[in-house]
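**Student:** Model the structure of this input:
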Amino acid sequence: MTPRGVIALAVAAVVSVAGAAWQLQANSAGFEEAQRGERLLPDLLTKANDVAAIVIAQADRSVRIERAGTSYVLGGSGYPVKAGKFQTAIVATASLEKFDAKTVRPDKYPLIEVEPPTDKSAKSRLIRFENASGNDLGEIILGKKARGRLGGAVGDGQYVRLPDNAQSWLARGVVDADVKLDTWVDTAITDMNAEFVVLATFQPTEGPELVVRRTGVTEGGQSKFELNGVPDGKKPKNDLTLRYAATDLGNVNFVDVRKYQGGEVVQRVTLMMADGLTAEFRITADDWVSLHVVNDGQDKTTTKDLKARTQGWQYKLADYKLKQLQLTMSDLTEDKTE
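**Tutor:** Numbers count the residues shown, from 1 in each chain. The predicted structure is shown next:
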């Protein structure tokens, strides 16, 4: 089934279920507010198949998701988006219903996180839907989630506000949309079982190469590692430090991504798994990181998946994670004591 077909079926299901639930609630509770139950973006349902891009903005950050043929990608980089996230965002937003009118006072907006998303410290998020020409198909400010705040009504809620309207609402429904990349894409570069890491080597910009090698297991059943080439007068800090130095390489995630552009490689970090799979992180002078499989493992499926996920891309890491790739001898050793 095509993505358009999936969206159409999802929208139809939502309309049917939500309509039935609304009628039941209306009959049992006798809603008095004329607007309660109205959809906040009523036209979005009929235009769902025309949505070519979704933009989420918060303060000085934004993320753009685009339709690319029969798939969906991050705007700019073209990195693939998690299956179903694009369609789910459309259907969830189109299904938001007015439940309870809230504040119209701008000074109270931050309490429910519906302040202007352009504010420097905004916690609110603007979600906007565009067609292939870039025209606006609908937008709404998403605020704090309100789970269990709908009284006797079925389902969870969220505080929302239309950008051109002072009235805020507690809406029935929840939209999981964020400017964080891991909302939309699988940010894993490596995702390996730490207990199968057998070797890690670090080539810092200065100083000796570090080789951390698995030597066995502890009494508790965890991998035990040793550090080669420890200078005279020094000793490894402890088993835990060495284990983390090696095994942390098996679980590295990115915070930004771009198509591979090369650059001067200033550091290399190698990870070897028990089945022989060997991958090399290459860090450029401007801290972009790429991963290259330099030896296939016996598990051909894992090797194939790793290559498919990482070939052709460069990544930015969180500062703490980048530092884990930039270890030096002083990070892993300390002075011997008599």
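**Student:** what kind of secondary structure is residue 121 in?
**Tutor:** Judged by DSSP: H, G, I helix; E, B strand; the rest coil, the three-state class of residue 121 is coil.
**Student:** And the helices in the stretch 51-200 of the chain?
**Tutor:** 85-94, 109-112 (DSSP state H, counting those that start in this stretch).
**Student:** Looking at these, which is nearest to residue 223?
**Tutor:** Set against residue 223 and scored by C-beta to C-beta, those come closest in helix 85-94, at 35.4 Å. (C-beta placed from N, C-alpha, C; glycine too.)
**Student:** Would you mind putting the CA coordinates of that closest one into CSV?
**Tutor:** The C-alpha trace of helix 85-94 is given here as CSV (Å, rounded to 0.1, in the frame of the first residue of the first chain):
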residue,chain,number,x,y,z
LYS,A,85,6.3,8.9,11.9
PHE,A,86,5.2,11.3,9.1
GLN,A,87,1.8,9.8,8.8
THR,A,88,1.3,9.6,12.5
ALA,A,89,2.1,13.3,13.0
ILE,A,90,-0.5,14.2,10.4
VAL,A,91,-3.3,12.1,11.7
ALA,A,92,-2.6,12.9,15.4
THR,A,93,-2.6,16.7,14.7
ALA,A,94,-5.7,16.5,12.4
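**Student:** Please give the element, helix or strand, for the closest residue to residue 239 other than its chain neighbours.
**Tutor:** The shortest distance from residue 239 to any residue other than its chain neighbours is 6.1 Å, reached at residue 224 (C-beta to C-beta, 6 or more residues apart in numbering). For residue 224, the element it lies in under DSSP states H and E is strand 223-228.
**Student:** One more: residue 315?
**Tutor:** For residue 315, the host element (DSSP H and E) is strand 313-316.
**Student:** residues of that strand that come out buried?
**Tutor:** Neighbour-count burial for strand 313-316, counted by 16 or more other C-beta atoms under 10 Å, picks out 313, 314, 315, 316.
**Student:** Determine the set of other helices and strands touching it.
**Tutor:** When contacts are defined as 3 or more C-beta pairs under 8 Å, 6 or more residues apart in numbering; DSSP states H and E, strand 313-316 sits against strand 256-259, strand 289-295.
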